[in-house]
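Colleague: Only the shape, not the letters, is given here:
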């Protein structure tokens, strides 16, 4: 890997099942992640993905590309536009630093209304 290399994009269908399953798996029982009526009462047009699901998807994106020997050392992300059901999030990545077996990758996840997630991931790849 070299600075400036890009990872192939990964498209993820944002389904109700993905949103609810991710919230349950991460023990996030906030109603805005599973109850449409209550999410609307709180000002959201629908349920939306939680940050822990997004974090997991970012990690999957990196390890799918770097392989089974990759160990995530740091994941620093920030949320932007919500991921609502029926949309698609496309993750992209660009290598920003390489030092020995450690690589830093800038990640962006965009959906139909903007950037859902942006940040950096530092991973170590053993030989």
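Modeller: Sure, I can see it. Note that the structure is a prediction, hence the values are computed from the model and not measured.

Colleague: Going by C-alpha atoms from here, please, whenever you check contacts or count neighbours.
Modeller: Noted.

Colleague: ranges for the strands of this protein?
Modeller: According to DSSP state E, the chain carries its strands in the segments 6-14, 70-79, 87-99, 102-111, 114-125.

Colleague: hang on, residue 33 packs against residue 51?
Modeller: No - using CA atoms under 8 Å as the test, residue 33 is too far from residue 51 to be in contact (10.5 Å).

Colleague: More neighbours: the two, which one.
Modeller: residue 33 (23 against 20; other CA atoms under 10 Å).

Colleague: Please identify the deepest-packed of the strands of the chain.
Modeller: Sort the strands of the chain by mean neighbour count, taking mean count of other CA atoms under 10 Å, and strand 102-111 sits at the top with a mean of 22.

Colleague: May I have the strands that pair with that one, each with its orientation?
Modeller: Sheet pairing of strand 102-111 (DSSP bridges) gives strand 87-99 (antiparallel), strand 114-125 (antiparallel).

Colleague: Mind putting the ones you listed into JSON lines with mean pLDDT and distance to residue 60?
Modeller: Below are the strands paired with strand 102-111 laid out as JSON lines (pLDDT from 0 to 100; distance: least, CA to CA, whole Å):
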{"stretch": "strand 87-99", "mean pLDDT": "98", "distance to residue 60": "10"}
{"stretch": "strand 114-125", "mean pLDDT": "98", "distance to residue 60": "11"}
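
Colleague: quick one: which of the ones you listed is nearest residue 46?
Modeller: For the strands paired with strand 102-111, proximity to residue 46 was assessed by CA to CA; strand 87-99 is nearest, at 11.8 Å.

Colleague: Identify all contacting residues around the closest one.
Modeller: With contacts defined as CA atoms under 8 Å, 6 or more residues apart in numbering, strand 87-99 is touched by 1-15, 58, 61, 83, 103-112, 116.

Colleague: and what of stretch 118-127?
Modeller: Residues outside stretch 118-127 that contact it (CA under 8 Å, 6+ apart): 62, 66, 69-80, 101-109.

Colleague: cutoff 7 Å now
Modeller: Contacts to stretch 118-127, defined as CA atoms under 7 Å, 6 or more residues apart in numbering, come from residues 69-79, 101-109.
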